[in-house]
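>>> pasting the sequence and the predicted coordinates here, then a few questions.
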Amino acid sequence: MSQAACVKKTDILIEGATIISPGLIRGSDESIVVVDEGSIAIDDERIVYVGPSPAPLEFQNAAKRIDASGLIALPGFVNAHTHAAMTLLRGYADDMVLMEWLEEKIWPIEAHLDSEDVYWGAMLACVEMIRAGVTTFADQYFFMDDTAKAVRDSGIRACLSRGLIATSPNSAEALRENIELCQNWDGAANGRITTMLGPHAPYTCPPDFLEKVMEAAEEFGVGMHIHLSETSGEVEESRAKHAGMSPIELMDSIGLFRFQTLAAHCVHVSPGDIEILSAKGVGVAHNPGSNMKIASGIAPVPAMLKAGVKVGLGTDGASSNNNLDLLEEARLAAFLHKLANNDPTVIPAGQALSMATLGGAKAMGMDSDIGSLELGKKADIILLDVNKPHMYPKHDLTSHVIYSARSSDVTTVIINGKPVMEDGVLTDIDEEEVLRTAEERAKALVAKA
Ligand code: NI
């Protein structure tokens, strides 16, 4: 090998972008930093340079250059709570009371879902999320091998868990499947897939079952993805059954929070609950769209943030949202909490953007790798076109991202250092096949119900 060949080529150099990210400067943490004329160099799967253009000479010898002048570069959005394959049920049943919706519509049709359905439903979700600039999602569902295959095939990043319901007749088998998911898929697809255990919720998983889940978590070194305090009824039931304890107090008392925990919803939480979430480092996935659509209530997100709780954003499943558009979720979060608190200063644009990126990564325990455009982090980067009428004039681009941009403004998506969408075209996925097959499978599914 010649001396010259030893100088490793950078894989990708993005030039001339307006870079907007939390944590861009070491120590800046969640506050947003903007670099007007910036470059990002990617080597293999990691960011090796982020800062002003031009990048230093050592990064100029790139295999691929992306001219990003007139574009915004952001860290990919993190969807911290969803059920990807539920895309097949999008628009199937809306405007219903939660328990009727579940018992009369969702659960009966889910009983007919097979593994192929889940693969194509998850593929549809991956295509939708990539197009919307989502580069990582946290999922809890079943037939998770098939969701894992969709993640592998689509190029997206995900943390997967098998939903566990103790009261269902196959609960032991489900726990075994979740353990196998952790054994077979953790670290797969070049590290894009990570795994968790997925106890559905305290009201479907009593403490004796959770003991078994915690044993597995101990043995396999994985965390938990659980729904907590989504409805007021759930909290009342917990207090009646468990010596006055809220679901969060109950989980704390049995030691669940000694594991990395991602808690979806946390709508009906007391100041004491918030203290526990903060002290135990529990990550919260706030789902404003789903909470509003199902009328679950308003999570006290500003109070959680003030107490130092790690809060990210989620879409929840597509049948209770009904899309997987995390940017929309960020705007909904900002608007909802301004209104709920009668205070327009609550959740300013930068904070909403932080929650949509680094906040979600923290809530999932993945912030050492993703969530911001920082030197050494995984290259999960999206480019947004600002050359649109709704992005003019350019007074404040951070404000524009949250209050004016649309997820369809995302033109290019890089995940784990690999472009998965370029100039609006998916590089590795036959999108037409995904849309057609998902439509066919959804129609066949409805015919069975
Ligand atoms: Ni959910």
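Ah, there it is. Note that this is a predicted model, so its numbers are computed, not measured.
>>> residues near Tyr392, how many?
Applying other C-beta atoms under 10 Å, we find 11 residues neighbouring Tyr392. The C-beta positions use only the backbone N, C-alpha and C, and glycine is treated the same way.
>>> tell me which element Pro108 falls in.
Using DSSP states H and E, Pro108 sits in helix 107-110.
>>> oh sorry, the question was meant for Trp120
Here Trp120 sits within helix 115-131, counting by DSSP H and E.
>>> do Ile226 as well
Here Ile226 is assigned to strand 223-228, by DSSP H and E.
>>> quick check: next helix or strand after that strand?
Downstream of strand 223-228, the next assigned helix or strand under DSSP H and E is helix 232-241.
>>> contacts for that next one?
Here helix 232-241 makes contact (C-beta atoms under 8 Å, 6 or more residues apart in numbering) with Ala201, Pro202, Tyr203, Ser229, Met245, Ser246, Pro247, Leu250, His268, Gly297.
>>> between strand 223-228 and that helix, find me the angle.
Between the axes of helix 232-241 and strand 223-228, defined by axes from the mean of the first three to the mean of the last three C-alpha atoms, to 10 degrees, the angle is 100 degrees.
>>> now do the buried residues in the helix or strand just after helix 232-241.
Going down the chain from helix 232-241, the next helix or strand is helix 247-253, by DSSP H and E. The neighbour-count check on helix 247-253 (16 or more other C-beta atoms under 10 Å) flags Pro247, Ile248, Glu249, Leu250, Met251, Asp252 as buried.
>>> tell me the average confidence for helix 247-253?
For helix 247-253, mean pLDDT is 98.
>>> which neighbouring elements make contact with that helix?
strand 223-228, helix 232-241, helix 271-279 (3 or more C-beta pairs under 8 Å, 6 or more residues apart in numbering; DSSP states H and E).
>>> who wins for proximity to Lys378 among those?
Closest to Lys378 of the helices and strands packed on helix 247-253, according to C-beta to C-beta: strand 223-228, at 18.5 Å.
>>> which outside residues touch the closest one?
Applying C-beta under 8 Å, 6+ apart, the contact partners of strand 223-228 are 81, 138, 140, 159, 161, 196-202, 205, 213, 217, 247-248, 251, 256, 259-266, 365.
>>> same check on stretch 49-66?
Residues outside stretch 49-66 that contact it (C-beta under 8 Å, 6+ apart) are 7, 9-16, 19, 21, 24, 35, 37-41, 48, 373-375, 383, 412, 419.
>>> next, the distance between the ends of that stretch.
14 Å (C-alpha to C-alpha, to the nearest Å).
>>> pLDDT averaged over that stretch - what is it?
95.
>>> run the chain-centre distance for stretch 234-249.
Relative to the chain's own centre, stretch 234-249 is displaced by 28 Å; criterion: C-alpha atoms, centre = their mean, to the nearest Å.
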